[in-house]
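> I'd like to go over a predicted model; first the sequence, then the structure.
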Number of protein chains: 2
Amino acid sequence: MRTTLKDIAAYTGVSIASVSLILNNKPHRLSNDTCEKVFKAAEELHYRPNVLAKGLITNRTLTIGLILPDITNAYFATIAKQIQIQLQEADYNLFLCNTNDYPEKELSYVNSLLDRGVDGIILATATGSSAAKCQQIMLKASRPLIFLDRTSPGVAAHSICPDHELGGYIATKHLIELGHRRIGCITGPMSLQSSKERFFGYIRALQEAGISFNPEFIQEADFRILSDYSKLETLLQKNVTAIFAHNDLIAYGVYQQAVQHGFVIPKDFSLVGCDDLPFSQLMAVPLTTVVQPIKELSEGVVRLMLELLSDYKEKKIQTIKYAPQLVVRSSTAEYHN
Amino acid sequence: MRTTLKDIAAYTGVSIASVSLILNNKPHRLSNDTCEKVFKAAEELHYRPNVLAKGLITNRTLTIGLILPDITNAYFATIAKQIQIQLQEADYNLFLCNTNDYPEKELSYVNSLLDRGVDGIILATATGSSAAKCQQIMLKASRPLIFLDRTSPGVAAHSICPDHELGGYIATKHLIELGHRRIGCITGPMSLQSSKERFFGYIRALQEAGISFNPEFIQEADFRILSDYSKLETLLQKNVTAIFAHNDLIAYGVYQQAVQHGFVIPKDFSLVGCDDLPFSQLMAVPLTTVVQPIKELSEGVVRLMLELLSDYKEKKIQTIKYAPQLVVRSSTAEYHN
DNA sequence: TTGTAAGCGTTATCAT
DNA sequence: ATGATAACGCTTACAA
């Protein structure tokens, strides 16, 4: 059986209440003698506080919930890992939930995390549809919620994201600077704020360069390895000379299909991705892509969470954006018409 | 504030105990009238049971802990995802912990998971050093522990693993069948059981073919993208014509360095990996590799866990192995001397 | 057919 | 300096 405060109390002849005070380093006026006795007993009996019991009364469990769209995506896996490391240092544990991009799951996860007494939730999967509802539930539960990676514009909530718009902008600008003017764009799901923003960045770069926007250059996909050739084919038929893929997974698919259909990158067209997954530098043609500020995001979200947890009084809403950076490799080349 | 049983009791005029019985579908003899009233109230007030309070008394929290070496490794990420999906269906939640291959962390995670009242733990990171200790702690806590992917031979415990020995065997045998006789092997950390077993499989295949084992053909690495050229260089200097890399990440590194140093795969040497990560089929030279039975593993481990949870009485120790399979792609070719 | 009360392991309030 | 005791939200005998 697990050692409880009661056991220590019995063992030392001190009351449960006093033992609790001592082991928690709460202010008290107990003699050094008893303190020592208690500490020693706790050590000997391998006492470990029961988080459930503690949580029941303090409303704190030193536990955070993290809801992600897809842990299998290296971008989110890395974020999850970093967050877990950071939290671990502050003695927090992590509940991990995968929505597989089903927005309905967000709500059910928020609820089940709350049932388990999490102190706060980090939600990296807002499609907008359930964000407001989640926010409302968390508010009612007086527990902090931070949106990560993807915000919902209508919802006034803490959020920590890469500057997706900037990411789209620098990717596109790079292509423009190489001389491209017919630039295709394979977007993520346009229901996601991150996709929208990358798209806006793409538009802004075009406008700045005086290139008019051509809706025929846009294809929508999802954030997985592109397996459907028709999207690439369509763009190529419109004679685009470069493609901005909204993430590296999409770019991998583009690359694979380009190879299969006899196109050579970057000779036939330039390709830039987004996220800089580990494999991007290993490809036969290393991928030019946008590096996400993962470290900053993870550290930032944990810092903010701990801050919100330390005193949860209607803090000013924080919406922080970190800048991504372009890394130029071999999949993009100059274009001369 | 959250709705509690007390609230429902007050609202309906029924006692807390009765409300509890009704909502938990426990055998009772309460009138249909009151049942309906209670269910309706629970619905209206959005009642959700407090898992902490419940757990305190039932010793069950519908929560499982999963300890992994590296969630960033797609093999483990996929396993984690599958497990989470399976558990979710049984209304269980998942605590995720990353050890980053530090065995000392295993113990501290086991303890902190236990503090939080997990019903059981799945441990996929046994280096052997702490496995026995973890097992002992879990036994004392009367909570099931299942070793996943990696066992510790000395420890009598439930385990569900791919047949790593078989994996090593079929990979090596494939190379032998292609005519190779000088076959290098870049192993994972030999402190890990999985590496040892793959190595044994390699040896067995050699022996069966009457090829004598040459210790100079062995290099030890860790399960990350190989970045140190010296290992590959050493093997190539010994004129190996094929290399079995103990996982795909190592193989990726081998491939990248081969390209950088002007070698062509499979012309200059054949390469076979292990795990079949998603990128392996995307490479310029798609990788021949060993597919792990991830689905079976995940389903198996969850099935066993739920079984152990349903009645935890010194069940017979189960050590289950699932067979991996070879997938032949383009990184291996026949060798004629 | 329903309610009372003890108890799970803690913390917190108030006595002594 | 230290100890009772109530309370957190729930389950579970045991009464009524």
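Ah, there it is.
> Identify the residue spatially nearest to the residue in chain A that chain B sits nearest to, adjacent ones excluded.
Proximity of chain A to chain B (Cβ to the nearest Cβ) peaks at A:A284, 3.0 Å away. For glycine as for every other residue, the C-beta is placed from the backbone atoms N, C-alpha and C. Nearest residue to A:A284 in three dimensions, chain neighbours excluded: B:A284, at 3.0 Å (Cβ to Cβ, 6 or more residues apart in numbering or on different chains).
> For the residue in the stretch 101-250 of chain A that DNA strand C sits nearest to, give me its contacts.
In the stretch 101-250 of chain A, no residue comes nearer to DNA strand C than A:G117, which is 12.0 Å away by Cβ to the nearest atom of the strand. In this structure, A:G117 makes contact with A:52, A:55-56, A:59, A:61, A:63, B:50-52, judged by Cβ atoms under 8 Å, 6 or more residues apart in numbering or on different chains.
> what are the ranges of the helices in chain A?
Under the criterion DSSP state H, chain A contains helices at A:5-12, A:16-23, A:32-44, A:51-58, A:74-89, A:103-115, A:131-140, A:164-177, A:193-208, A:229-237, A:248-260, A:294-310.
> need those helices in JSON lines with mean pLDDT, mean neighbour count and distance to DNA strand D, can you?
What follows is the helices of chain A, written out as JSON lines (pLDDT from 0 to 100; neighbours: other Cβ atoms under 10 Å in any protein chain shown; distance: least, Cβ to the nearest atom of the strand, whole Å):
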{"stretch": "helix A:5-12", "mean pLDDT": "94", "mean neighbour count": "18", "distance to DNA strand D": "8"}
{"stretch": "helix A:16-23", "mean pLDDT": "94", "mean neighbour count": "18", "distance to DNA strand D": "3"}
{"stretch": "helix A:32-44", "mean pLDDT": "93", "mean neighbour count": "15", "distance to DNA strand D": "4"}
{"stretch": "helix A:51-58", "mean pLDDT": "96", "mean neighbour count": "18", "distance to DNA strand D": "4"}
{"stretch": "helix A:74-89", "mean pLDDT": "94", "mean neighbour count": "21", "distance to DNA strand D": "25"}
{"stretch": "helix A:103-115", "mean pLDDT": "93", "mean neighbour count": "19", "distance to DNA strand D": "9"}
{"stretch": "helix A:131-140", "mean pLDDT": "92", "mean neighbour count": "18", "distance to DNA strand D": "14"}
{"stretch": "helix A:164-177", "mean pLDDT": "98", "mean neighbour count": "23", "distance to DNA strand D": "40"}
{"stretch": "helix A:193-208", "mean pLDDT": "97", "mean neighbour count": "20", "distance to DNA strand D": "35"}
{"stretch": "helix A:229-237", "mean pLDDT": "97", "mean neighbour count": "17", "distance to DNA strand D": "50"}
{"stretch": "helix A:248-260", "mean pLDDT": "94", "mean neighbour count": "23", "distance to DNA strand D": "42"}
{"stretch": "helix A:294-310", "mean pLDDT": "95", "mean neighbour count": "19", "distance to DNA strand D": "19"}
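> ok, now how distant is the closest residue to A:N100 other than its chain neighbours from A:D101?
Distance criterion Cβ to Cβ, 6+ apart; nearest residue to A:N100, sequence neighbours excluded, is A:D70 at 6.3 Å. A:D70 sits 7 Å away from A:D101, going by Cβ to Cβ, to the nearest Å.
> tell me, what's touching the two both at once?
A:F223.
> Comparing the two, which residue is more hemmed in?
A:D70 (20 against 17; other Cβ atoms under 10 Å in any protein chain shown).
> OK, contacts around the more buried one?
Neighbour list for A:D70: A:76, A:98-101, A:223, B:81 [criterion: Cβ under 8 Å, 6+ apart].
> which ones are touching A:S152?
With contact set as Cβ under 8 Å, 6+ apart, A:S152 has these partners: A:126-128, A:131-132, A:193.
> One more: A:I320?
A:I320 is in contact with A:159-161, A:300, A:304, counting by Cβ under 8 Å, 6+ apart.
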